[in-house]
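>>> Could you work out the structure for the sequence below:
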Amino acid sequence: MSYLYKKSELIMLIITMKVLKIDKLQLNSSYIKRGTLFAFYFFFLKKLYV
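Okay, here's the model as predicted:
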């Protein structure tokens, strides 16, 4: 379970980094979008493993 958690966390991190790079190219002020994205990912991980 610990391995699975680390693996999915890594995948989430990669997806987040990709989206942040896209956001950086598209919008200059995408802080709200980033916050929403991170909140969604943390909620998803919490729901999945708690």
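>>> and E9, what pLDDT?
Looking at E9, its pLDDT is 78.
>>> residue ranges with poor pLDDT in this structure?
1-5, 20, 22-33, 49-50 (pLDDT under 70).
>>> what helices or strands is the host helix or strand of Y41 leaning on?
Per DSSP states H and E, Y41 falls inside helix 31-49. In terms of contact count using 3 or more Cβ pairs under 8 Å, 6 or more residues apart in numbering; DSSP states H and E, helix 31-49 is assigned the packing partners helix 2-26. Quick note: C-beta positions are derived from backbone N, CA and C, even for glycine.
>>> re earlier: buried ones in the helix holding Y41?
L37, Y41 (16 or more other Cβ atoms under 10 Å).
>>> likewise stretch 11-19?
M12.
>>> can you list contacts of it?
For stretch 11-19, contacts defined as Cβ atoms under 8 Å, 6 or more residues apart in numbering pick out L37, F38, Y41, F44, L45.
>>> Distance of the last one relative to L10?
Using Cβ to Cβ, to the nearest Å, we find L45 at a distance of 12 Å from L10.
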